[in-house]
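Novice: kindly generate the corresponding structure for this input.
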Amino acid sequence: MAIIRNIGRPALRVAPGLSVDWSHWPETVEITEPPHNRVARTVAAVGRLMAKGNAPMPWVGSCFLAGPGLVLAASFAVSSVTEGAGTSVAFQAGKQLSVQFADGSAKDVARVLFLHPFFRVALLELADGDGLPEPLSIASTSPENLGGRDVAVVSCAGTDSRNAPDVVAKIFGEGLDEFFFVQPGKVLGLGTFSGGGAPGLLHDCSTVGGSSGGPLIELASGDVLGLHTSGLAGANNYAEPLWELARDPVVWDFDIFFRPAARPPWLDAWGTPVVPDVPQPSPGPAAGTWTVKQLPPLDFSNATVQLLLRTLFTAFSSTEVAMSIALDAGVTRGTVDDQGSAEVVWRRILDKASTKGVLGTLVQRVHDDPENRGIAPILAPML
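Specialist: Numbering: from 1, shown residues only. Okay, the predicted model is just below:
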C-alpha cells in the first residue's frame with residue numbers, strides 16, 4: 001500500500017448516503033458522464049473485512065461483491081484467520097470474518113471458497129445473500145492499450161506507518177479508519193511487483209493500509225480490472241489482474257460476475273456429440289459399447305479402446321508417471337517394459353492390466369483423481 005504521487009492523486013471520502021465530494025477530483029484523470037452513478041454503484045458493493053473472535057486485528061482489509069453472495073478479497077488478509085489452502089480452507093478456532101458495507105450494513109462470512117494458489121485473491125461466501133447491493137462486473141479480457149487508462153481504487157483505509165504521516169493526512173485527512181474512499185489515478189502498465197513472478201497491473205492511485213482487497217475500476221466502463229494488493233511508495237501500486245484469474249477453469253465453478261462470461265460456451269460441445277446427417281454404414285460391432293469390465297484379451301482395434309489409449313498417453317506422456325499409475329492400480333513391478341514412447345508403454349500397461357484383471361481399477365483411479373477432471377468425462381462411459 002503506497003502513495004505514489006503527493007499531488008494530483010487525492011482520496012475522496014465517501015459520506016453518509018454514499019455521496020462523494022467531486023470538487024477535489026484531479027483534472028488529469030478524465031471521467032466520462034455519468035460518473036457519479038458508476039462510482040456510487042461501486043462504493044455500495046465495497047466492504048470492510050472485519051475479523052471476529054480472538055483475531056489479532058479488528059479488521060483486515062477491503063473486499064467487494066463479485067457475484068450472488070460472493071465476495072473477493074486479498075488472500076493474505078483472509079489467511080490471517082484461516083488455515084488450509086486452495087479450495088480446502090477453514091477458519092481457525094475461535095476466529096471468523098464478516099463484511100461491513102459502506103452503508104453500515106454487515107454480513108457474516110459463511111465460508112472461504114478458495115485461496116488462490118497463484119494470485120493473491122480469495123473468494124468468500126456470505127451467510128446471508130438477501131438485501132445486498134448489485135455485484136460488480138469484472139472484466140474477463142484485458143483492455144487494449146492499458147497504460148494511461150483512468151481508474152480508481154475504492155476501499156476503506158487505516159493508519160499506515162509505511163507512508164509519511166503528513167502526506168497521509170494531506171491526502172486522506174484525519175480519522176481515516178472510519179471512512180471509505182474513492183482514490184482516482186491511472187494505470188501505469190503491466191509488470192511485476194518487487195521482482196515477483198506473478199503478473200501485475202500497476203497503477204498510481206493513492207492507497208494505505210486497509211486498501212488491499214479493494215477493486216480497481218476502469219472509470220470509462222465501471223468494470224473491475226484488478227484487485228488492489230500492495231505497493232511501493234514513490235514507485236507504483238500493484239493489483240491482481242482479474243482477467244488473468246478468469247482464465248482459471250477452477251474459478252469457473254463459482255458464479256463470479258466476469259463479463260463477458262469467462263467459461264467459453266463452446267466447451268459444452270464436448271458433452272453434445274454431433275451426429276452427421278449422412279447415410280450410415282451397415283451396423284457392425286458397436287464401437288463405444290466397450291467397457292473396462294470386458295474380459296481380456298484387449299482388442300486394440302476397438303474404437304473405444306483406441307480412445308482410452310490415446311487419452312492416457314496424451315494426458316500422461318511421462319513413462320515414469322505412467323508406470324507409477326500402473327503400480328498403484330496393481331500391475332506388478334517389473335512385468336511391463338517401460339522403454340519406448342509413451343504410446344507404446346501405455347499399450348503394454350493396458351494389456352497387462354487387462355490380463356491381470358485390474359484395468360477397471362486403473363481407469364477408475366485416473367477418473368476419480370480431481371487433477372484429471374479434464375479427461376474424466378471421456379473415461380466415465382468406459383467404467
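Novice: quick one: the strands in the stretch 1-150 of the chain, in order.
Specialist: Ranges of strands in the stretch 1-150 of the chain, per DSSP state E, counting those that start in this stretch, are 12-15, 19-20, 46-53, 59-67, 70-73, 82-85, 88-91, 95-101, 106-115, 122-126, 138-139, 150-156.
Novice: and the last one, which strands flank it?
Specialist: Pointing back at strand 150-156 there. Here strand 150-156 is paired, per DSSP bridges, with strand 180-191 (antiparallel), strand 215-218 (antiparallel).
Novice: for the third one, same thing?
Specialist: With DSSP bridges as the criterion, the sheet partners recorded for strand 46-53 are strand 59-67 (antiparallel), strand 95-101 (antiparallel).
Novice: picking up where we left off before, what's the least confident stretch among the strands paired with strand 150-156?
Specialist: Comparing mean pLDDT across these, the weakest is strand 180-191, with a mean of 91.
Novice: dump that one to CSV, restricted to CA.
Specialist: Written as CSV, here are the backbone C-alpha positions of strand 180-191 (Å, rounded to 0.1, in the frame of the first residue of the first chain):
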residue,chain,number,x,y,z
PHE,A,180,-14.4,4.6,2.7
PHE,A,181,-12.6,6.3,-0.1
VAL,A,182,-12.5,6.7,-3.9
GLN,A,183,-8.9,7.0,-5.0
PRO,A,184,-8.5,8.1,-8.7
GLY,A,185,-5.4,7.6,-10.7
LYS,A,186,-4.0,6.0,-13.9
VAL,A,187,-2.8,2.6,-15.0
LEU,A,188,1.0,2.6,-15.3
GLY,A,189,1.1,-0.7,-17.3
LEU,A,190,1.7,-4.4,-16.7
GLY,A,191,4.6,-5.8,-14.8
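Novice: what segments of this structure are helices?
Specialist: Here the chain has its helices, by DSSP state H, at 35-45, 75-78, 165-172, 242-245, 303-315, 319-329, 342-356, 359-368, 376-379.
Novice: just for this protein, where's the confidence low?
Specialist: Within the chain, the set of residues satisfying pLDDT under 70 comprises 1-2, 4, 27-28, 30-37, 54-57, 160-163, 193-197, 271-289.
Novice: quick revisit: ok, and which of the strands paired with strand 150-156 has the densest surroundings?
Specialist: strand 215-218 (a mean of 26; mean count of other Cβ atoms under 10 Å). C-beta: built from backbone N, CA, C; applies to glycine.
Novice: can you tell me how far the residue lying closest to D328 once chain neighbours are set aside sits from G158?
Specialist: Nearest non-adjacent residue to D328, counting by Cβ to Cβ, 6 or more residues apart in numbering: R365, 6.5 Å away. Going from R365 to G158 by Cβ to Cβ, to the nearest Å gives 50 Å.
Novice: neighbour count: the two, which is higher?
Specialist: G158 (21 against 15; other Cβ atoms under 10 Å).
Novice: one step back: now do the same contact list for the residue nearest to D328.
Specialist: I325, D328, A329 (Cβ atoms under 8 Å, 6 or more residues apart in numbering).
Novice: and the residue lying closest to S80 once chain neighbours are set aside, how many neighbours?
Specialist: Nearest residue to S80 in three dimensions, chain neighbours excluded: V60, at 5.7 Å (Cβ to Cβ, 6+ apart). Number of residues near V60 (other Cβ under 10 Å) recorded here: 25.
Novice: okay but V60 is in contact with L49, surely?
Specialist: Yes - taking Cβ atoms under 8 Å as the definition, V60 is a contact partner of L49 at 5.2 Å.
Novice: any common contacting residues for the two?
Specialist: Common neighbours of V60 and L49 (Cβ under 8 Å, 6+ apart) are A77, V78, L97.
Novice: pretty sure the first one is touching G214, no?
Specialist: Spelled out, it's A77. No - between A77 and G214 there is no contact under Cβ under 8 Å: 11.0 Å.
Novice: pretty sure D103 is touching A44, no?
Specialist: Yes - here D103 reaches A44: they are 6.7 Å apart, a contact under Cβ under 8 Å.
Novice: overlap in contacts, these two.
Specialist: L18, P133.
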